[in-house]
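Colleague: could you look at this predicted model? Sequence included:
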Amino acid sequence: MKLFIDKTTRCALLLASTLGCGAAQAVDYRDYPALLELVETMVSEDAYPRAELAAVLETAAIDRSVIEAISRPYESKPWHEYRALFITEARIRDGVAYWNLHTATLNRATRAYGVPAAIIVALLGVETHYGTRLGGRRVLDSLVTLAAEYPRRSAFFSKELRVFLNTARADAFAPQSVKGSFAGAIGIAQFMPSSYRAYAVDFNANGRRDLVREVEDAIGSVGNYLARHGWRREEGIFAAVEGGGGGEGGALPAAAAELLSKSAKPHWSAAQLAAAGVAFDATGGGEKMALLRLQEADAPRYVVGFHNFYAITRYNPSVNYAMAVTELSRRIERARAAE
């Protein structure tokens, strides 16, 4: 991962990382068990000098707003409220414009990875409104805060902080220079540091992977990420359950209710779902599927998620997220076709 800044700024920020930053609340890693364990691991396994690592961590700030934000994720909203955040006329219109502007790159990504252009555009639309909202928090602060003071997922964010700090040292950029989301996601595609390292691609072949400034790299990297997480060419994404729930009056049959899942990971065959009374079009669905519930304003509705629906949740595990990406992709595609 290379996040490029000019040489003068890089030198100034590297100096700041060594001397400390007076504007930030100093973090003594010894006060936080998770950070203490991380430092010991990085010193022993990554050959990261202890004094240098401590100096970098001292420039981080514990940001309480990060804890507040991650404790109230958009994805926890009912579907009808979540949908209203992302399926908007402005996002559809801007998605069409983005697609038209980057048609050649999107077509190349589809050929390379098998992921439809509409899905790539919609995912970038949900993540950063097509690269216009990259996040204003320092990634260092977010990751330190979550590693130190968010016990439920401290192990995950400690891992991401380790990758981020090692990458910064290897690529000679100051970790204080990178901004992103409250969860530490970076760039147009909002990759976490480990995903940036593993799945970012140099799609414009200029010798670097830059998802902050280079749209071609962001588009290619989304295609690569979904392909590496199981996207299947030519298969469908989901099917609506007929009649709302498939049973009398739109209710879900009792046998089908036992097959409901909060995760989009496919578990059931089309035959098993049909035997439980779920009526849907299984065309393009593959061998296994998931029966999922979406909360509308007046009543629940049900869909059957195919393998590609699950692939989208590998980007973000929320069923709401995958449905928003899918619906936005369809709305953008229809609007573009109508031009």
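Modeller: Structure received. Numbering: from 1, shown residues only.
Colleague: list the buried ones in stretch 152-172?
Modeller: Along stretch 152-172, the positions that meet the burial threshold by neighbour count (16 or more other CB atoms under 10 Å) are 154, 157-169. Quick note: C-beta positions are derived from backbone N, CA and C, even for glycine.
Colleague: quick one: it to chain centroid distance?
Modeller: 17 Å (CA atoms, centre = their mean, to the nearest Å).
Colleague: what's the neighbour count on the closest residue to residue 85 other than its chain neighbours?
Modeller: Take residue 85 and drop its neighbours on the chain: the residue closest to it by CB to CB, 6 or more residues apart in numbering is residue 74, 6.3 Å away. Number of residues near residue 74 (other CB atoms under 10 Å) recorded here: 15.
Colleague: if we can go back for a sec, can you list the buried residues of stretch 152-172 in a markdown table and add secondary structure, distance to residue 193 and pLDDT?
Modeller: Supplementary listing: the buried residues of stretch 152-172 in a markdown table, determined by DSSP: H, G, I helix; E, B strand; the rest coil; distance: CB to CB, whole Å; pLDDT from 0 to 100:
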| residue | secondary structure | distance to residue 193 | pLDDT |
| --- | --- | --- | --- |
| 154 | helix | 16 | 97 |
| 157 | helix | 10 | 98 |
| 158 | helix | 12 | 98 |
| 159 | helix | 9 | 98 |
| 160 | helix | 5 | 98 |
| 161 | helix | 8 | 98 |
| 162 | helix | 9 | 98 |
| 163 | helix | 4 | 98 |
| 164 | helix | 4 | 97 |
| 165 | helix | 9 | 98 |
| 166 | helix | 9 | 97 |
| 167 | helix | 6 | 95 |
| 168 | helix | 9 | 94 |
| 169 | helix | 13 | 94 |
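Colleague: format those residues as CSV; extra columns: distance to residue 212.
Modeller: Below are the buried residues of stretch 152-172 laid out as CSV (distance: CB to CB, whole Å):
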residue, distance to residue 212
154, 27
157, 20
158, 24
159, 21
160, 17
161, 19
162, 21
163, 16
164, 14
165, 18
166, 19
167, 13
168, 14
169, 19
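Colleague: just to revisit the earlier point, I'd say the residue nearest to residue 85 and residue 84 touch.
Modeller: No: contact criterion CB atoms under 8 Å: residue 74 and residue 84 do not qualify, at 10.7 Å.
Colleague: got any residues that touch both of these two?
Modeller: Common contact partners of residue 74 and residue 84 (CB atoms under 8 Å, 6 or more residues apart in numbering): none.
Colleague: returning to what we had before: now the residue nearest to residue 85: how far from residue 326?
Modeller: 16 Å (CB to CB, to the nearest Å).
Colleague: check residue 211 too.
Modeller: As for residue 211, its distance to residue 326 is 23 Å (criterion: CB to CB).
Colleague: between those two, point out the one with more neighbours.
Modeller: The residue with more neighbours, out of residue 211 and residue 326 and counting by other CB under 10 Å, is residue 211; that gives 29 against 21.
Colleague: find the nearest non-adjacent residue to that one, please.
Modeller: Counting by CB to CB, 6+ apart, residue 187 is the residue found nearest to residue 211 once chain neighbours are left out, at 3.4 Å.
Colleague: list the contacts for that neighbour?
Modeller: When contacts are counted by CB under 8 Å, 6+ apart, residue 187 touches 128, 134, 180, 196, 210, 211, 212, 218.
Colleague: same thing but 7 Å
Modeller: Listed by CB atoms under 7 Å, 6 or more residues apart in numbering, the contact set of residue 187 reads 134, 211, 212, 218.
Colleague: residue 293 should be in a helix, yeah?
Modeller: No: counting by DSSP: H, G, I helix; E, B strand; the rest coil, one finds residue 293 to be strand, located in no helix.
Colleague: what's the pLDDT at it?
Modeller: According to the per-residue confidence, residue 293 scores 96 in pLDDT.
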